[in-house]
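>>> output the structure for:
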Amino acid sequence: MIEDLLPPSVTAVESFTDDTVDALFPEEAALVANAVETRRREFATTRRCAREALAKLGAPPAPLLRDPKGAPRWPTGFIGSMTHCAGYRAAAVTRADTLTSLGIDAEPNLPLPDGGVLDLVTLPEERRHLSSLAARHPGIHWDRLLFSAKETVYKVWYPLTHRWLDFHEATLTLDPTTSTFTARVLVPSPFPTLRGTWLCREGLLVTAATLTSTDRTPTHTPTPGPATSS
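Numbering: from 1, shown residues only. Here you go, the predicted model:
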C-alpha cells in the first residue's frame, strides 16, 4: 500500500499483523521495557519493517534507536520514516544521497476525536476546506486525512530542523482529484511548500512526501486516480 505513494528510490515494508518482541535488539527492547505488551509488539513490528527495508538496500542488521525527541536514528548513509496505527505498521527508507528527507503516516479512516481536537490541529481556512470536501466526498474522513498529512510534513521537517513544527505553523490543502496534498509552511523553513500524496484504502488513510537531495522540491507526482479504492 505505502509503496504506491513513494518514488522507486524508496524501499518500503508494511505489516497488517504484529510480531513478538523477541526479534528486538537489547537496546531497542530497553526503550519499551515499561510499555504495555501491545505497544511493545507494535514497536517490534515497525522496527522489523524498517530493518527489512534497510536490508533490501544493503544495510546490515542494527538497532534502530531514538533521538532525545523520539525520532528514529537511521544508520549512517540512510534516511527513513516509520508509522503505525491500529492494524497497520510500515517503514520507508532510502539512501541519504538520493533524497533529502521523507515522511510517511497512516491513520484509520475515522473522524478525529471530539473535544476540540479539530481546532487544535487545523486553521480556520483548513476547516472551511474540510467542510467542502466532506460535502462532496463523504466516504473519506477528511479531518483525519489532513491530520495524517500534517504528521507527514512534520516527519519531513524534523530531520532538517530538529525542532517541533506546530500544527498551526503549516496550512494544507487536499486534492481529491489527484490524491495529493500541498503544505505551505508559515514559519522559516527549508521547504516553504511541500507536495505529498495520499490514499484511502482498506479502512486506512496513508500519506507520504519526499524532498530531493538537490533542490528540496517534491520528487514524486502520483498518477491521477480516484480518491478512494477498495
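>>> where does this structure have low pLDDT?
Low-confidence segments of the chain, defined by pLDDT under 70: 213-230.
>>> mind listing residues that contact whichever strand or helix holds residue 135?
Assigned by DSSP states H and E, residue 135 belongs to helix 124-136. Helix 124-136 is contacted by residues 118-119, 122, 140, 142-143, 146, 171-174, 176 when judged by Cβ atoms under 8 Å, 6 or more residues apart in numbering. In this view, the C-beta of every residue, glycine as well, is placed from N, C-alpha and C.
>>> any idea of the angle the next helix-or-strand element following that helix forms with helix 124-136?
Sequence order places helix 142-161 as the next helix or strand after helix 124-136, per DSSP H and E. Here helix 142-161 points in a direction 140 degrees away from that of helix 124-136 (axes from the mean of the first three to the mean of the last three Cα atoms, to 10 degrees).
>>> look up how far residue 46 lies from the closest residue to residue 39 other than its chain neighbours.
Leaving aside its sequence neighbours, residue 39 sits nearest to residue 32 (Cβ to Cβ, 6 or more residues apart in numbering; 6.1 Å). Residue 32 sits 11 Å away from residue 46, going by Cβ to Cβ, to the nearest Å.
>>> and those two? Which one has more around it.
Counted by other Cβ atoms under 10 Å, residue 32 and residue 46 do not tie: residue 46 has more neighbours, with 24 against 18.
>>> tell me the contacts of that one?
82-84, 89-91.
>>> can you do 6 Å?
82, 84, 89 (Cβ atoms under 6 Å, 6 or more residues apart in numbering).
>>> quick one: the last one and residue 16 touch, right?
No - with contacts counted by Cβ atoms under 6 Å, residue 89 stays clear of residue 16, the gap being 8.0 Å.
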